[in-house]
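*Asks:* attaching a predicted model along with its sequence, questions to come.
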Amino acid sequence: DVKVTQSSRYLVKRTGEKVFLECVQDMDHENMFWYRQDPGLGLRLIYFSYDVKMKEKGDIPEGYSVSREKKERFSLILESASTNQTSMYLCASSFGAGELFFGEGSRLTVL
Amino acid sequence: EDQVTQSPEALRLQEGESSSLNCSYTVSGLRGLFWYRQDPGKGPEFLFTLYSAGEEKEKERLKATLTKKESFLHITAPKPEDSATYLCAPQGYNQGGKLIFGQGTELSVKP
C-alpha cells in the first residue's frame, strides 16, 4: 500500500514564526502536492512538484514556499506564519495522472 | 475556467435509505473523474476513477456513474459506517496530474 506520512498531526505556532511541514511518500511517485482544507472552501492547491527540485504554484501560493530535494520528500514552508494560515494541510502523491494518495493531514493553529 | 460543484452540501439518511450524490463539472477535455471519501480529521481516501461517459464502478454499497457533465455516487442501503464527506475531483488533460476538488457532500447515516 502507498503510504504518505506527514510529520506532525497537530502544530501550534505563533504569528511570525517560520513553520516547516514535512511529507514523505514511499512509492517512488514523481508527483507531490500540498493542499489546504478549510470549511466552506474545500481543498485548495498550494504548490505541486513533478520532479526533484521542480515546483509549480497552485491556486493559493502566497505566503508559502516548498522544497523538494529528494524524490520522496516534499516540504511546505510558511516563512512568517499568520493567523489566516490556520488550517488543515494535506500532502498527496501520485504516479503520472493517476489518483492522488493523501497523508493524514497536519492541523496547524497560528496564534 | 474549470469548475466543479457538488450537491447537496449535506445529506442525512436513515440506515437502509438509498440516495445519490451529484457532482457537476466543467472541464476542458476530461481525462478522468475521481471520487474520494474523507472521515473527520483524516486525509481523503481514494474510491473510484471514471474515464468515459457511461462508465460505472462499484464498491460495496457505492456505485459511481459518469456522464459528459455530471457524475453520481449512488449509495444503496447505507449503513452508519458510510457516514463521511464524499469528494469528487475531475481532471482535465491540460492539468497534468492536478485535481480540482469539489467542496464535498457530508453524508450522515443514522441507525
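*Replies:* Alright, I've got the coordinates.

*Asks:* regarding the residue in chain B that chain A sits nearest to, what is its secondary structure?
*Replies:* Here chain B gets closest to chain A at one residue, residue B:43, 3.4 Å apart by C-beta to the nearest C-beta. The C-beta positions use only the backbone N, C-alpha and C, and glycine is treated the same way. What DSSP: H, G, I helix; E, B strand; the rest coil gives for residue B:43 is coil.

*Asks:* and residue A:53, which of the three is it?
*Replies:* coil.

*Asks:* and stretch B:54-63, how far apart are its ends?
*Replies:* The stretch stretch B:54-63 measures 12 Å between its terminal residues, going by C-alpha to C-alpha, to the nearest Å.

*Asks:* and for stretch A:11-18?
*Replies:* End-to-end distance (C-alpha to C-alpha), stretch A:11-18: 12 Å.

*Asks:* please apply the same query to stretch B:1-20.
*Replies:* 26 Å.

*Asks:* buried ones in it?
*Replies:* B:2, B:4, B:6, B:11, B:13, B:19 (16 or more other C-beta atoms under 10 Å in any protein chain shown).

*Asks:* which residues pair with the fourth one across the strands?
*Replies:* Right, residue B:11. The bridge-partner assignment for residue B:11, based on DSSP bridges, gives residue B:107.

*Asks:* that older thread, surely the residue of chain B closest to chain A and residue A:100 touch.
*Replies:* No: assessed by C-beta atoms under 8 Å, residue B:43 is found out of contact with residue A:100, at 9.7 Å.

*Asks:* who has more neighbours, those two?
*Replies:* The neighbour comparison of residue B:43 against residue A:100 (other C-beta atoms under 10 Å in any protein chain shown) goes to residue A:100, with 30 against 22.

*Asks:* wait, the more buried one touches residue A:93, no?
*Replies:* Yes: with contacts counted by C-beta under 8 Å, residue A:100 reaches residue A:93, the gap being 7.0 Å.

*Asks:* what do the two both touch?
*Replies:* Applying C-beta atoms under 8 Å, 6 or more residues apart in numbering or on different chains, one finds that residue A:100 and residue A:93 are jointly contacted by residue A:33.

*Asks:* please consider this matter closed, and thank you.
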